[in-house]
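# mind folding the following:
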Amino acid sequence: MTRDAIPWTPDPGLVQQQQQQQQAYQGWYQQPYAPHVPYGGTGHFVPVPQGRGAPMSFSQQAHQMPHYGQQVPAQTAAASSGKVRPEFAGSVLERRAAEKARKAASAEQAKKEAEAAASAAAAAAATVVTPAAIPAPSIVHGDDGVQDPVTGEISPRIKQVCNDAYNLNPVLRENILASDYFKALAEFTTFEELVDEIYNKVTYANPFIPNTRSPSSCFCLLYRLFQMRLTYKQLADLLEHPDSPMIPVVGILYVRYVVDPKEMWGFFKNKINDNTEFDASPGGKKKTIGQFTREVIEDIHYYDTILPRIPVAIQRDMQETIMKLEFREKSLKEKRSKIKVGMKVKALFYEDEEEYEAEILSETKDGGFLLVFTEYGNQQVTNVEDIEVIARSAETREKEDKSRDRSRDGRRGRSRSHSRGRDRDRDRDRDR
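So this is what the prediction gives:
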């Protein structure tokens, strides 16, 4: 008998089990759903039954299979009540919340560590100074100033815009600090003592002694003045000191190195036209203080060292002002050449700021003119810019022209008479 001829009787227990599964499966769709939960970040949504033990299709069971190391039940959310169901304890959402909290705590800790490190660095910078390192430029503000022992007047110190090396070349600064002469300058504690030392020792403005790398007395004293931090009055006295041209030269270098560029022109403007000569370098050509001032404004190269840079806009403004002053000086020079002793002019009387007719008596050493006002007889030394040459009137020009014509006619008449006399002598000789 073949296998097909044998009657097949289903197993009653198996049939009952299949029927129960089918009933349970049908009932699963009739149960309310929990919120749809995204599965594994893939964009698929898995309905989560609120009952337990309901059978699932193959595709539904596939969602239960491990996916990137995770199970679907471990990724489901809490029910609508907002509470975590027991079967989903330790879900991805909880772990995400825990991870977020951990990252927040880590970020807060990192922030605290960064603040502590910054505070430690600031404290170290305030207490530890490395001699070899030159910090970035900073502004050193002046204090209340220095009180004059005689007048009691307080003169404020000048703000220094510089680094710890006073904007000097590091090699030059190290040589100055190692110099025996500079160490001896520690005994000079007053401004007046340093000015006297400049008068006695400084003979040229080079930063180094010729043919050596030793600093000159000029720059050693300049560095000592940097340390003293001059007041406005002291720097003005330095720039206008009459005893030696080297004293104003040191003052010009002080301004160029450490004074705020915005304030430089206030100190330089009175030195641009200074014609006092001095030896800028030993054995070199003499320069005027005005030339020296223009050079340190326009060029950063200064012998064997470099001057600090001036902001472009400020430097351009100073150069334009210098050009205007040079043009004015040229005009005054031409005007001065036209003014002669005995000439009638109009001049400004300084007491009432009015112009009056005057006569030039003489020229003074400083380029002005001594004149007398014809109406009142007052004498005054007057600057060239305050003198106006009076134009000649038409009558005066006519008289001068007639005078020149008469002198010219007189010369021609004498010449004709002389010629006639020679002709008569020639005829007399011929008759003999």
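# mind giving me the packing neighbours of the helix or strand where E115 lies?
Assigned by DSSP states H and E, E115 belongs to helix 92-127. Secondary-structure packing of helix 92-127 (3 or more CB pairs under 8 Å, 6 or more residues apart in numbering; DSSP states H and E): helix 72-75. The C-beta positions use only the backbone N, C-alpha and C, and glycine is treated the same way.
# okay, now the unreliable bits of the stretch 51-200 of the chain?
By pLDDT under 70, the low-scoring segments of the stretch 51-200 of the chain are 51-92, 121-144, 148-149.
# apply 90 and report the result again.
The stretch 51-200 of the chain contains residues with pLDDT under 90 at 51-156, 164.
# now the strands for it?
Ranges of strands in the stretch 51-200 of the chain, per DSSP state E, counting those that start in this stretch, are 138-140, 146-147, 154-155, 160-162.
# can you list the domains in this structure?
Following automatic domain parsing, the chain resolves into domains at 138-333, 339-389.
# tell me which of these sits most buried.
Mean neighbour count, computed with mean count of other CB atoms under 10 Å, is highest for domain 138-333 among the domains of the chain, reaching a mean of 16.
# quick check: chain neighbours aside, which residue is closest to Y254?
In this structure, Y254 finds its nearest non-sequential neighbour in L225, 5.8 Å apart by CB to CB, 6 or more residues apart in numbering.
# can you list contacts of the host helix or strand of the one you found?
Element membership for L225 (DSSP H and E) is helix 217-228. Contact with helix 217-228 is made by 160, 162, 166, 168, 172-173, 176, 179, 181-182, 185, 188, 191, 194, 197-198, 201-202, 204-208, 246, 249-250, 253-254, 257-258, as judged by CB atoms under 8 Å, 6 or more residues apart in numbering.
# next SSE downstream of that helix?
Counting by DSSP H and E, the next helix or strand C-terminal to helix 217-228 is helix 232-239.
# would you mind pulling up the elements that that next one packs against?
Using 3+ CB pairs under 8 Å, 6+ apart, helix 232-239 sits against strand 154-155, helix 191-201, helix 246-258, helix 261-268.
# could I get the full set of helices for this structure?
12-30, 58-64, 72-75, 92-127, 170-178, 180-184, 191-201, 217-228, 232-239, 246-258, 261-268, 289-298, 312-338, 394-431 (DSSP state H).
# from V259, how far off is V345?
41 Å (CB to CB, to the nearest Å).
# residue contacts, A104?
Taking CB under 8 Å, 6+ apart as the definition, A104 has no contacts.
# renumber starting at 170 from here on
Got it, the first residue is 170 from now on, which makes the last one we talked about A273.
# how about E322, nearest residue that isn't a chain neighbour?
Closest to E322 by CB to CB, 6+ apart is Q316, at 7.2 Å.
# if you could redo that for P451, that was the one I meant.
Nearest residue to P451, sequence neighbours excluded (CB to CB, 6+ apart): Y373, at 5.0 Å.
# do the same with S413
Excluding its sequence neighbours, the residue lying closest to S413 (CB to CB, 6+ apart) is Y368, at 4.9 Å.
# kindly report the same for T551.
A516 (5.0 Å).
# correct me, but that neighbour touches Y525?
Yes - the criterion here is CB atoms under 8 Å, and A516 meets it with Y525 at 6.7 Å.
# if I look at N338, how far off is G536?
For N338, the distance to G536 - CB to CB - is 39 Å.
# swap that for D412, please
Distance from D412 to G536, by CB to CB: 21 Å.
# and what of S500?
Using CB to CB, S500 is found at 14 Å from G536.
# swap in E467?
Relative to G536, and taking CB to CB, E467 is found at 25 Å.
# and the domains of the chain as a markdown table, adding distance to A279?
Formatted as a markdown table, the domains of the chain follow (distance: least, CB to CB, whole Å):
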| stretch | distance to A279 |
| --- | --- |
| domain 307-502 | 30 |
| domain 508-558 | 70 |
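# for those domains, which one sits closest to L262?
The closest of these to L262 is domain 307-502. By CB to CB, the value is 54.2 Å.
# what's the angle from the helix holding L394 to helix 401-408?
170 degrees (axes from the mean of the first three to the mean of the last three CA atoms, to 10 degrees).
# average pLDDT for helix 386-397?
Across helix 386-397, pLDDT averages out at 95.
# likewise for stretch 501-518?
Per-residue scores along stretch 501-518 average to 88.
# now stretch 466-477
Across stretch 466-477, pLDDT averages out at 92.
# next one: F395 from V510, what distance?
Counting by CB to CB - F395 and V510 are separated by 49 Å.
# then R497?
Remark: distance between R497 and V510 (CB to CB) = 24 Å.
# and for V424?
V424 is 40 Å from V510, by CB to CB.
# residue contacts, Y423?
391, 394-395, 399, 404, 407.
# mind giving me CSV with those and columns for distance to A276?
Output for the contacts of Y423, formatted as CSV (distance: CB to CB, whole Å):
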residue, distance to A276
L391, 53
L394, 53
F395, 48
L399, 52
L404, 54
L407, 58
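# wait, which of those residues is closest to R485?
L404 (24.4 Å).
# the closest one contacts I421, doesn't it?
No - using CB under 8 Å, L404 is not in contact with I421; the gap is 10.1 Å.
# common neighbours of those two, please.
Common neighbours of L404 and I421 (CB under 8 Å, 6+ apart) are F436.
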